[in-house]
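Q: Okay, here's the prediction I keep looking at, along with the sequence it came from:
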Amino acid sequence: MTGMDWLWDRHVWRVVGIAVLALMVLFVVTALLTRALVKFGLRTPFVISRINRLRDELIARLKRPVTIMVLDEVADVIQTGHYTRNISQAIVENHDELKLLVTDKVRHDPNLRLVGRLPGYDRLVGEIAETTLRVLIEMLGDPRMDELVADLLRNNLEQIKRAVREQRHENVEPHRPPDLPVEVTESAP
């Protein structure tokens, strides 16, 4: 074998893979070299800045199709899941803790101070919590609810894909920071 014969004897996709890998290594090396040169106050050489521009252009051209391909794959995966059944199973597994949580929150609700002193109040709240959890578990276990959630997720993904294709997301103002979280204090039992 002479010169590059070892490369051309490979399958086409392996050659493409080797080329992509070589480009990725080159891009990383030039990015690191650029950073080091700027850190020391030197100018970036023309060749390296040209490679960096090529890298940025390549990424700009590839990111949209790759994003759409990933979203298509996610949409296909979402259609195979049973998410509401999973939530229902989690509620069943944590039933006792959830019932205690609901009764505790209702008991300490400031709007129910007077009603909370009525005889049988705790039993009533316990029965309401039990009924609510039972109905919720049955609703989440129903295939119609699973279909609703799958449709909701699919429709949202379709909207996201359209926004990516039409580049509507590129000129959106940055999000404001979220509100500060409210501190939750644990109540004494």
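A: Ah, there it is.
Q: Report all helices and strands that whatever helix or strand residue 32 lives in contacts.
A: Residue 32 belongs to helix 12-39 when assigned by DSSP states H and E. With contacts defined as 3 or more C-beta pairs under 8 Å, 6 or more residues apart in numbering; DSSP states H and E, helix 12-39 has these neighbours: helix 5-8, helix 46-78. Where you see a C-beta, it was placed from the backbone N, CA and C, and this is true even at glycine.
Q: what about those, which gets the closest to residue 140?
A: Closest of these to residue 140 is helix 46-78, at 16.7 Å (criterion: C-beta to C-beta).
Q: average pLDDT for the closest one?
A: Per-residue pLDDT over helix 46-78 has a mean of 80.
Q: for stretch 117-126, same thing?
A: Rounded mean pLDDT across stretch 117-126 is 80.
Q: do the same with stretch 165-179
A: 75.
Q: How far off centre is it?
A: With C-alpha atoms, centre = their mean, to the nearest Å as the basis, stretch 165-179 stands 16 Å off its chain's centre.
Q: Tell me the span between the first and last residue of that stretch.
A: Terminal residues of stretch 165-179 lie 31 Å apart, using C-alpha to C-alpha, to the nearest Å.
Q: Excluding its own residues, what touches that stretch? List them.
A: Stretch 165-179 has contacts (C-beta atoms under 8 Å, 6 or more residues apart in numbering) with 64, 68, 162, 163.
Q: thinking again about what came up before, now do the helix holding residue 32 against helix 46-78, angle only.
A: Per axes from the mean of the first three to the mean of the last three C-alpha atoms, to 10 degrees, the angle that helix 12-39 makes with helix 46-78 is 120 degrees.
Q: tell me the two of the contacts of stretch 165-179 that are most distant?
A: Taking C-beta to C-beta, the two most distant members of the contacts of stretch 165-179 are 64 and 162; they sit 12.2 Å apart.
Q: Common neighbours of these two, please.
A: By C-beta under 8 Å, 6+ apart, no residue touches both residue 64 and residue 162.
Q: who's in contact with residue 17?
A: So residue 17 contacts nothing (C-beta under 8 Å, 6+ apart).
Q: Next one: it from residue 59, what distance?
A: 18 Å (C-beta to C-beta, to the nearest Å).
Q: same check, this time on residue 14
A: 23 Å.
Q: and what of residue 44?
A: Using C-beta to C-beta, one gets 18 Å for the distance from residue 44 to residue 59.
Q: Comparing these two, which residue is more hemmed in?
A: Applying other C-beta atoms under 10 Å to residue 44 and residue 59 shows that residue 44 carries more neighbours, namely 17 against 11.
Q: And for that one, nearest residue in space, chain neighbours not counted?
A: Leaving out its chain neighbours, the residue that sits closest to residue 44 by C-beta to C-beta, 6 or more residues apart in numbering is residue 34, at 5.0 Å.
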